[in-house]
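Visitor: Curious how this folds, go ahead:
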Amino acid sequence: MPVVAAKWPYAFRNKIDELRLAFPTIKKWMKIHKIKTVAIVHDAKDAVSRALGTMVLPGVSKNGAFRS
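Guide: All right, here's what the predicted structure looks like:
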């Protein structure tokens, strides 16, 4: 356990949820660069990358942010 967190039995992670961040970011990026389709590439060995590549970004695609 890191020394900074040794006093507490819990952890705090200050970050934005990928799903909330992905939709508006991808839409704006695609509009600026005039992109029509994308390929989703991820690291299958890393849990976070695998979740983003197989669940989060395909879900964003189905919601109309982009066509993959």
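
Visitor: For Ile35, what is the enclosing helix or strand?
Guide: Taking DSSP states H and E as the criterion, no element holds Ile35; it sits outside all helices and strands.

Visitor: Does it touch Ile26 like I think?
Guide: No. If you go by Cβ atoms under 8 Å, Ile35 and Ile26 don't touch, sitting 9.2 Å apart. C-beta coordinates here come from the backbone N, C-alpha and C atoms, glycine included.

Visitor: More neighbours: these two, which one.
Guide: More crowded of Ile35 and Ile26, by other Cβ atoms under 10 Å: Ile26, with 17 against 12.

Visitor: any idea how far Ala51 is from Ile32?
Guide: Relative to Ile32, Ala51 is positioned 27 Å away (Cβ to Cβ, to the nearest Å).

Visitor: And those two? Which one has more around it.
Guide: Neighbour tally, Ala51 and Ile32, criterion other Cβ under 10 Å: the higher count belongs to Ala51, 13 against 8.

Visitor: for this protein, which spans come out with low pLDDT?
Guide: 1-6, 11-14, 18-19, 63-68 (pLDDT under 70).

Visitor: Can you show me the strands along it?
Guide: Along the chain, no stretch is classed among the strands by DSSP state E.
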